[in-house]
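1. sequence and predicted structure below; questions after.
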Amino acid sequence: MVLKYTPAAEINEQSKWYEMSPGGMICEPGTSRLTKTGEWRTTTPVFIADKCKHCLLCVPVCPDGAIRVKDGKRGEFDLEYCKGCGICYKVCPFDAIEFGGDK
Amino acid sequence: MAYNFKEAMEKPDRLASGHRLCAGCGAPIAIRGVLRALEPGDKAVIANATGCVEVSTFTYPYTAFMDSYIHSAFECAAATLSGVEAAYRSMKRQGKIADNYKFIAFGGDGGTYDIGFQSLSGAMERGHDLVYVCYDNEAYMNTGIQRASSTPKFADVTTAPAGKVIPGKQQRKKNLTEIIAAHNVAYVGQSTFIGNFSDLYEKSHKAIYTEGPAFLNIMAPCPRGWRYATEDMMKITKLAVDTCVWPLYEVEDGKWKLNYRPKKKLPVEEFLRLQGRFAHMFKPGNEWMIEETQAEVDRNWERLLAKCE
Amino acid sequence: MNNMIEIRWHGRGGQGAKTAALLLADAAFVVGKYVQGFPEYGPERMGAPITAYNRISDERCSVHSNIYYPDYVAVVDESLLESVDVSKGLKEEGAIVINSCKEPEELRPMLKGYKGRIYTIDAAGISKAILGKSFPNTPMLAAMVKITGVIEEQAFIDQMQKSYEHKFAHKPQVIDGNMQVLRRSMEEVKG
Amino acid sequence: MAIHERLSGNEAIALCLKQINPDVMCAFPITPSTEIPQYFSNYVSDGLVDTEFVAVESEHSAMSGCIGAEAAGARCVTATSSCGLALMWEMLYVAASMRLPITLACVNRALSGPININNDHSDSMGARDSGWIQIYAENNQEAYDHMCCAMRIGENPEVMLPVMICQDGFITSHAIENIELLEDDVVKKYVGEYKPEQYLLKHENPVAAGPYDIQPYYMEHKYQQAVAMKQSYDVIRKVFKEFGEISGRSYDLIEEYRMEDAETAIVIIGSSAGTAKAAIDEMRSEGRKAGLVKIRVFRPFPAEDIAKALSGCKAVAVMDKADSFNAQTGPVYAETCAALFGKENAPKMINYIYGLGGRDVSTGTIKEVFAALDEIVTTGVTGETYRHIGVRGL
């Protein structure tokens, strides 16, 4: 028999040996998005849109890519993935991110 | 290539969300920072040494990379990527493939300074057209914060703990950036996270688009290993640069260039004080450790300035 | 195995004993024989005693061991007679060919009671006279062909001519010299 | 039209690789395999192949480079021996688990220590559980022929495993012998193009290779490897058969020599099988019913074939050119015993550790072994099964 390169979404901890891709190869990009790491978060950042000047300094510091930019403006936090590290709120010059207690 | 911050921030992530690195980890920030410098039309193959990034970004069946990716083992990311690059050259020459690829390896300091050192040196010497990126967090974090040759003197790590007799690691940090520069490769840069990331972006762009082997050494703090509050990362990297503990410089075509000179060089203790791994240095009677560290930083800084003139 | 001839070569690293064994295998191959040519390998460097072997027959030989009871022995360096038991296991009906300007019987006392035929050839002298340098392996090769009869002489000469024409295509002036060395060696080997 | 030549085993391998024209070769010199990359780099320098030759700084990097290249979609080869193979150890397992059909020309040499450059099988025998297919040659001809078959076996979608083509260091690698070669275009056509379904440089989609496999997945992936090795039996047989059709030389997993009515036999691997055949011919001429089973393919282990071949024998000696230091057996004996376990009328079996570090194996050595087997047949007493031959003082 020849093994198939099964898509990641169809592989889970109940998959049979012949349902898994050979050599553990995954043949599609960014399947990690299927893992919602936002569940790990204990403190949640809050985006205060009114205060945001869209300087975007919070974007490159996010380890989890949870701040996305469209048309030059950042959007809401993607809480499906944000792990709540707080780096973003520390770099915001405009107090547009609240995180836990005081700064 | 001028850096347009806003445009760069709008580029699609080439390291997807959903990876399993710790909250506040410096490594994905470094990786995303490097990959952002890839031109949109270019494909890439990423190689990765075993380490935190590997076990967290490609936990079967979940890859966080948007590009092709290969991990083989701890000590041979550079050799593995050499093979990929050789395959590319061969297949391209034979007309078997048409796309343009760039080749980027990521390794932690363990997989780069230590166990992967020979493999890296070999790949640099052979002249492959690839970039090796070290995300340096100054200890073997994947196995639980053990001493590395990249660990700075006096740091309290699990295999060189600060004890009653021996105050942490007793040897100085290896200067890998200079060692790779001594390979006379096309481009070497040392960077970390500062301001709007222009330093990292520009160095990454040069490293990727300079033909031949290139090396980037990026300080990427580990909040667990360094013992600081996760939110303080950018403060720490800024202090590393402003105290001259981690100077930003590059070596291009044999020419050394300092990319950032602090307006006021800060005392090293400001960098040390925020981190639990150096806490014992601040106990009464241990002032000499801070003095010795300051003297070492000063000496290295002067040497670097002399090279950059 | 029928018609199989086993030869052992003794020389010193760098003198060409291994090359001579390989050349003999080559020549025998070209005239249609099944051949083996192999050195006994170790870490020997220039000047150290070395051994090489040939098996030549009309059928493929499957044995892959050293040769303990050779039909013939070739000694490329006379000084080896003092340190190496060159006639060890040599069959009485066989022969030993030694690179020496001495008479064969002068050397018998050094051969530890060996009773068979002894031949000498002044390989160094012939080589120096014609080529101006000592390449003992070419005269030794010719002498071994002559004494063993493993290859018909004219066929050997023809094959070597072709081989030299190929090998020395970039310096044809040395072909004649080497051919002369071969012919003269076949004439002058004495026993 | 066969081409008649005289080549050493190393020359034969290098020439075969030239005919195959792989995309990448990553190699590091080590005696006695050094000549292979050396000859091959001449082909590269003279523009006779399309291969990218990567002169790495160690064997570990050679195998790592092969892994990268093969995963990228290239056909990649390497050559090594002894400590070089040992330095690759970790990566051998990685190559097999990533299901990359890399081809390795292994020129068998003793492992250190003490350091020794001559032949035995301790290097590749140590790698027997790494997940590689292993094929052993008796002489230069077989080394060449096996190399012609390696990629068709390894690259078969039912297999996708790396292949080690082994020959005995110096004994065949450096010995000039007659050989029949195939024409370049015949080899090229027979070997074909490497066309993996998924690879790093694939235009249509990116590929991630070499994951961290957590507990719920690791064992399933290892089972896939086990299945692939099982499936390789038939693939190897088929490839050998097809090779016979183009070359006139047909092979099987094992070779039986004068086994039809053999009462005593040896099981052996590599060049000493040839020496043993000559010894058996002599014994046969004296009326002794001696035979030989040569293991050509050691991985996958041809257990059924061996059991069948030995089924009529009264006593069998299994020859191991490597020791396992388990105080019991060498590796080939252990597996041969396992193959015969529970079989009716299984022969009495002994094990000989022989030929270590280039200890010469003559027809006399083989006859000694058969003498021991005759004694077992006569007395009915097997005695010590773990034996060494060729050691002074025994």
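-> Sure, I can see it.

2. in what helix or strand does the residue nearest to residue B:269 when sequence neighbours are not counted lie?
-> Leaving aside its sequence neighbours, residue B:269 sits nearest to residue B:290 (CB to CB, 6 or more residues apart in numbering or on different chains; 5.2 Å). Placement of C-beta: from N, CA and C, glycine included. For residue B:290, the host element (DSSP states H and E) is helix B:287-308.

3. against residue C:63, how distant is the residue nearest to residue D:35 when sequence neighbours are not counted?
-> Spatial nearest neighbour of residue D:35, chain neighbours left out: residue D:10 (4.0 Å); criterion: CB to CB, 6+ apart. For residue D:10, the distance to residue C:63 equals 20 Å [CB to CB, to the nearest Å].

4. which of these two has more neighbours?
-> Between residue D:10 and residue C:63, counted using other CB atoms under 10 Å in any protein chain shown, residue D:10 has the larger neighbour count: 28 against 23.

5. can I take it that that one is in a helix?
-> Yes - counting by DSSP: H, G, I helix; E, B strand; the rest coil, residue D:10 is located in a helix.

6. how much space is there between residue D:241 and residue D:250?
-> Relative to residue D:250, and taking CB to CB, residue D:241 is found at 7 Å.

7. who are the contact partners of residue C:97?
-> Applying CB atoms under 8 Å, 6 or more residues apart in numbering or on different chains to residue C:97 gives the contacts C:72-75, C:119-121, C:140, C:143-144, C:147, C:189.

8. how far is stretch D:164-174 from where the chain is centred?
-> Centroid separation between stretch D:164-174 and its chain, computed with CA atoms, centre = their mean, to the nearest Å, is 10 Å.

9. just the mean pLDDT for it, thanks.
-> Stretch D:164-174 shows an average pLDDT of 98 in the prediction.

10. remind me which helix or strand residue D:135 belongs to.
-> Assigned by DSSP H and E, residue D:135 belongs to strand D:133-136.

11. state the pLDDT value of the closest residue to residue D:14 other than its chain neighbours.
-> Closest residue to residue D:14 apart from its sequence neighbours, by CB to CB, 6+ apart: residue D:39 at 3.6 Å. Here, the pLDDT recorded for residue D:39 equals 98.

12. over to residue C:41?
-> 79.

13. just residue A:103 next, same as before
-> Predicted confidence (pLDDT) for residue A:103: 40.

14. ditto for residue B:285
-> Residue B:285 is assigned a pLDDT of 96 by the prediction.

15. separation between it and chain D?
-> Distance of residue B:285 to chain D, given as CB to the nearest CB, to the nearest Å: 45 Å.

16. helix, strand or coil for that residue?
-> Quick answer, by three-state DSSP: residue B:285 is coil.

17. ok, it to residue B:161 distance?
-> 18 Å.

18. more neighbours: which of the two?
-> residue B:161 (15 against 6).

19. for the more buried one, what are its contacts?
-> residue B:168.

20. next, it: phi, psi?
-> Main-chain dihedrals, residue B:161, degrees, to the nearest 10: phi -70, psi 150.

21. identify the residue spatially nearest to residue 92, adjacent ones excluded.
-> Picking chain A for this. Closest residue to residue A:92 apart from its sequence neighbours, by CB to CB, 6+ apart: residue A:58 at 5.7 Å.

22. my bad, the chain I had in mind was chain C
-> Per CB to CB, 6+ apart, closest to residue C:92 is residue C:116, 4.8 Å.

23. got it, and residue B:17?
-> Of all residues not flanking residue B:17 in the chain, residue A:81 sits nearest, at 3.7 Å (CB to CB, 6+ apart).

24. list the contacts for that neighbour?
-> With CB under 8 Å, 6+ apart, residue A:81 has these contacts: A:33, A:36-38, A:64-66, B:17-18.

25. quick check on it: phi, psi?
-> phi -120, psi -20.

26. what does the one 10 residues further on give?
-> Residue A:91 adopts backbone torsions of phi -90, psi -10, taken as degrees, to the nearest 10.

27. so who does it touch?
-> A:57-58, A:61, B:234 are the contacts of residue A:91 under CB under 8 Å, 6+ apart.

28. OK, contacts around the residue in the stretch 51-200 of chain B that chain C sits nearest to?
-> Across the stretch 51-200 of chain B, the shortest distance to chain C (CB to the nearest CB) belongs to residue B:118, at 25.7 Å. By CB under 8 Å, 6+ apart, residue B:118 lies in contact with B:75, D:57-58, D:61.

29. so can I have CSV of the contacts of residue C:97 showing distance to chain A, pLDDT and neighbour count?
-> Listed next are those as CSV, based on distance: CB to the nearest CB, whole Å; pLDDT from 0 to 100; neighbours: other CB atoms under 10 Å in any protein chain shown:
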residue, distance to chain A, pLDDT, neighbour count
C:72, 57, 98, 24
C:73, 57, 98, 28
C:74, 55, 97, 32
C:75, 58, 97, 25
C:119, 65, 98, 20
C:120, 67, 97, 24
C:121, 64, 97, 30
C:140, 57, 96, 31
C:143, 61, 97, 26
C:144, 56, 97, 30
C:147, 62, 97, 20
C:189, 65, 95, 23
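
30. re the thing from before, wasn't the residue of the stretch 51-200 of chain B closest to chain C part of a strand?
-> No - assessed with three-state DSSP, residue B:118 is helix; it does not lie in a strand.

31. which stretches of chain A form helices?
-> Ranges of helices in chain A, per DSSP state H, are A:87-91.

32. show me where pLDDT drops low in it?
-> A:101-103 (pLDDT under 70).

33. how much space between the residue sitting furthest away from the middle of it and chain D?
-> Largest separation from the mean C-alpha position in chain A: residue A:1, at 38.1 Å (CA atoms, centre = their mean). With the distance defined as CB to the nearest CB, residue A:1 ends up 7 Å from chain D.

34. got the contact list for that residue?
-> A:18, D:158, D:227, D:231.
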